[in-house]
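# okay, predicted coordinates and the sequence, questions at the end:
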Amino acid sequence: MNEAAPQGGEPAAPRRTGARDPQLSSWFESTARQRLAGLLDGGSFSEILGPEQRELSPHLRQFGLPPAFDDGMIVGRGRLAGRTVLVAAQEGRFLGGAVGEVHGAKLVGLLRAVRSMAADARALLILFDTGGVRLQEANAGEVAIAEIMHAMLQARAAGATILGLIGGRAGCFGGGGLIAACCSGLIVSEQGRIGVTGPEVIESNQGVEEFDAADRALVWRTVGGKHRRLIGGADAFAEDHAESFRSAAIALLERPCRFDLEVTVAEHARLRERLARLGDADDAWAIWARLGVADPTRVPDMPAPEFLELVARLQDERRDAR
Amino acid sequence: MTPAEILDSLFGRSHRVESGAGGLLHGEGLLAHAAGPATRVSLIGLTQGAALGVDGALALAQRVLSVVQAGERNPILVLIDSGSQRMSRRDELLGLNEYLGHLAKTLMLAEQLGHPTIGLLYGGSAAGAFIATALATRVLVALPEARPAVMDLPSMSRITKLSLELLRDMASSTPVFAPGLANMELMGAVTERWDPGRPLDAQLRRLLDRFAERSQERRDQRAAARGGRLKAAAIAERVEREALRDG
Amino acid sequence: METLSFRHTAAHALAGARAHALVGVVGSGNLEALFERVLDGNACVVEVVTAVAGYGAVWSEVIADFVQRYSPGGLRICIHDGGARPDTVALRLAQGVSLMADDHE
């Protein structure tokens, strides 16, 4: 499908291709269903509670908004390099991928299931693309996010690996950012953005002096994928296509990360160290320089292979505990 | 009620609490019983309507981890009168999502390791701060003056482009989006409401006595029973069942 | 928001084995359409929920043209529209029919 929309000045315009190969088309530009098709082993995806089940949001009608048959959340099962995995994908084009009652409950159910799967199938991939809570059903969405986090950490305590893949047009903001922080591993592309409060919301609450949301370069180096990867906010960096996310996911699945006291203490040390080392920096450039990047201004334009070399040079072998 | 009044009502004089910068609070109280030794209750709090940023979240998480590492499996009470997450470029630059997520994880870890975790919402709380504190506890109780919110109506009006008048009209009939304690109770987020006119210690003892039973309840089931979220529990159950079918 | 419903009798039933298919996404200037093979014989029903009211005549025309061209007998098609232009509507309908005409379940 050709659903290209104008870009807002993002770095490295996502690759635009007429190719039908879902593995090579832009992840940023793709729909959630296209991403699933490109990520999983060919034809292996089977959906749970698919669109024909018509589990629509009961709340959007009164706001004059048409619903979506899947409520912007596609859940199911598939195979990744032959291994059975559960998958959930948010559709960022539908209401910004925002979490409502049905959308959230589908992920909650999937997370409750993964805990009880056979030991070798205890894996779940979340393809994030969300601005956070859906305001039209804000209370239901907010509580759903808390339920998702509880279910994730129970599943991880039972040995499940939960990976987050971030590179969609809505990014991963609000409660989505908190959910991402509960994953055992995160894969982010340059176009992926991770945060809590979006730049526009900061600007409208705190003024343009605090955060100029129109300054796209500033936005990208503050919340974008390269910055997140460099400071340890994500475990792997992918290029903007399904094949790259796929190989990163296959690799990360080999590094399980159980949720327990030890890993939480290690995460605490990691976050404390980050704050001590970088807490007074006023811009990503200053942070990257402190991390040892020779020419920070080059990072945004750096091609993926060079960026990956940079990351490998700067970071030791220690697993980013989360 | 103020934090001091709440603590006095819960523990009499048997509490010591330190207040830090940014509305943070931590300490412990001894909950007396008619017979037997008192229960040591560990306390953390976010007070005075403070916003929660990277520094505050890390400091609170440190307190929770210390309690967990002490290994007593004692109750942890989280007092909440907060704003939303702190909205600043610095917080986002440093990865606020990880810090808020980490605080929530320490509370959920404590719960998994046998600590009853209880949130006491006695003022405001919103958005990311609400998720990382109140909603990260196993059982959330509230005093009647509590004001939980995802977002205030004027901001919501700006973002949804619906008029404030329309949103106000809808708010009275639609619990699913409008701020307020009654709506969060309907959503299943708040387990019970405490009565500030009666001693809080008795209400806490009663909750702890029934904690095992209380913590079996799921928020979505409570929401279905209260009529606030009619679909969530059923959808989650169906997805869980179908995912496990011949899996 | 507006709800519209169109009932047609197609020239013949649509070939293929697929029971249902979804195309598109509900978003600004876009729509989703769910195709289901649930009607008898040559009947075709198209139900539209659209964010933009007042375009009933345009919908009627686009759908009549679609039925004429593709003869989607046996299909119920449900559309959630975020304000798609007529050419986008026609494109989505054509995509859906092509999926439904597939021989594989």
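Good, I have the coordinates. Residues are numbered from 1 along each chain as shown, chains lettered A, B, ... in the order given.
# find the closest residue to chain A in chain C.
Among the residues of chain C, C:G27 lies closest to chain A, at 3.8 Å counting by C-beta to the nearest C-beta. To be clear about C-beta, it is placed using only N, CA and C from the backbone, and glycine gets the same treatment.
# where are the low-confidence patches of chain C?
C:104-105 (pLDDT under 70).
# after the longest strand anywhere in chain B, which helix or strand is next?
The residue-count maximum for a strand in chain B (DSSP state E) belongs to strand B:39-52. Next along the chain after strand B:39-52, taking DSSP states H and E as the criterion, comes helix B:54-70.
# mind listing what the longest strand of chain B pairs with, with the direction of each?
strand B:24-31 (antiparallel), strand B:76-85 (parallel) (DSSP bridges).
# now do the strands in chain C.
C:2-9, C:20-24, C:31-37, C:43-50, C:75-81.
# make a markdown table from these and add distance to B:E185 to it.
Formatted as a markdown table, the strands of chain C follow (distance: least, C-beta to C-beta, whole Å):
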| stretch | distance to B:E185 |
| --- | --- |
| strand C:2-9 | 34 |
| strand C:20-24 | 37 |
| strand C:31-37 | 35 |
| strand C:43-50 | 32 |
| strand C:75-81 | 32 |
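# now the angle from the helix or strand hosting B:L207 to strand B:76-85?
Taking DSSP H and E as the definition, B:L207 sits inside helix B:200-209. Orientation note: helix B:200-209 sits at an angle of 100 degrees relative to strand B:76-85 (axes from the mean of the first three to the mean of the last three C-alpha atoms, to 10 degrees).
# chain center to helix B:200-209, what's the gap?
Centroid separation between helix B:200-209 and its chain, computed with C-alpha atoms, centre = their mean, to the nearest Å, is 17 Å.
# in chain B, which residue is most central in space?
Closest residue to the average C-alpha location of chain B: B:A134 at 1.4 Å, with C-alpha atoms, centre = their mean.
# spell out which residues of chain B are next to chain C.
Residues of chain B lying near chain C by C-beta under 8 Å from any C-beta of the partner chain: none.
# how about the helices in chain B?
B:3-11, B:54-70, B:89-93, B:96-112, B:127-132, B:153-160, B:164-173, B:181-186, B:200-209, B:211-214, B:219-226, B:232-244 (DSSP state H).
# where's the nearest residue to the residue of chain C closest to chain A once chain neighbours are set aside relative to chain B, distance?
Closest residue to C:G27 apart from its sequence neighbours, by C-beta to C-beta, 6 or more residues apart in numbering or on different chains: A:R93 at 3.8 Å. Distance, A:R93 to chain B, using C-beta to the nearest C-beta, to the nearest Å: 17 Å.
# sorry, back to before: phi, psi of the residue of chain C closest to chain A?
phi -160, psi 180 (degrees, to the nearest 10).
# quick one: it from chain B, how far?
Distance from C:G27 to chain B, by C-beta to the nearest C-beta: 16 Å.
# what stretches of the chain score poorly on pLDDT?
You didn't pick a chain, so chain A it is. A:1-20, A:316-319.
# meant chain B, my bad for not saying
B:246-247.
# for chain B, what's the nearest residue on the stretch 151-300 of chain A?
A:A181 (2.6 Å).
# chain A against chain C: which residues are in contact?
Counting by C-beta under 8 Å from any C-beta, the residues of chain A near chain C are A:1, A:3, A:31, A:33, A:50-52, A:61, A:64-70, A:91, A:93-94.
# show me which of those residues are buried.
Buried residues within the residues of chain A next to chain C, counting neighbours by 16 or more other C-beta atoms under 10 Å in any protein chain shown: A:1, A:31, A:33, A:50-52, A:65-70, A:91, A:93-94.
# of all the residues you listed, which comes closest to B:L107?
A:E91 (30.9 Å; C-beta to C-beta).
# so the closest one is in contact with A:R35, correct?
No: assessed by C-beta atoms under 8 Å, A:E91 is found out of contact with A:R35, at 9.5 Å.
# give me the nearest residue to the most centrally placed residue in chain C, chain neighbours excluded.
Nearest to the mean C-alpha position of chain C, counting by C-alpha atoms, centre = their mean, stands C:I77 at 4.3 Å. Nearest residue to C:I77 in three dimensions, chain neighbours excluded: C:V46, at 4.6 Å (C-beta to C-beta, 6+ apart).
# hey, what's the one you found bridged with?
C:F6, C:I77.
# ok, it - contacts?
By C-beta atoms under 8 Å, 6 or more residues apart in numbering or on different chains, C:V46 lies in contact with C:S5, C:F6, C:H8, C:I63, C:R76, C:I77, C:C78, C:I79.
# how about A:R115?
Shown in contact with A:R115 (C-beta under 8 Å, 6+ apart): A:R122, A:A151, A:Q154, A:A155, A:A158, A:A160.
# so how many other residues sit close to B:A59?
Using other C-beta atoms under 10 Å in any protein chain shown, the number of residues around B:A59 comes to 17.
# tell me how far it lies from A:E262.
Per C-beta to C-beta, to the nearest Å, B:A59 is found 21 Å from A:E262.
# and the residue nearest to B:T174 when sequence neighbours are not counted, backbone torsions?
Spatial nearest neighbour of B:T174, chain neighbours left out: A:Q62 (6.7 Å); criterion: C-beta to C-beta, 6+ apart. Dihedral pair for A:Q62: phi -70, psi -10, per degrees, to the nearest 10.
# against chain A, how distant is whichever residue of chain B sits closest to chain C?
Proximity of chain B to chain C (C-beta to the nearest C-beta) peaks at B:K161, 12.6 Å away. Distance, B:K161 to chain A, using C-beta to the nearest C-beta: 10 Å.
# most tightly packed of the strands paired with strand B:39-52?
strand B:76-85 (a mean of 25; mean count of other C-beta atoms under 10 Å in any protein chain shown).
# now find how far off-centre that strand is within its chain.
On C-alpha atoms, centre = their mean, the centre of strand B:76-85 falls 7 Å from that of its chain.
# repeat for stretch B:126-144
2 Å.
# would you mark the buried spots in that stretch?
By neighbour count on 16+ other C-beta under 10 Å, the buried set for stretch B:126-144 is B:126-143.
# and it, how far apart are its ends?
16 Å (C-alpha to C-alpha, to the nearest Å).
# quick revisit: dump the strands paired with strand B:39-52 to JSON lines, plus distance to B:V64.
JSON lines is the format used below for the strands paired with strand B:39-52 (distance: least, C-beta to C-beta, whole Å):
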{"stretch": "strand B:24-31", "distance to B:V64": "9"}
{"stretch": "strand B:76-85", "distance to B:V64": "7"}
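# the residue lying closest to B:F211 once chain neighbours are set aside - how many residues pack around it?
Nearest residue to B:F211 in three dimensions, chain neighbours excluded: B:P116, at 4.8 Å (C-beta to C-beta, 6+ apart). B:P116 has 22 neighbours, counted by other C-beta under 10 Å.
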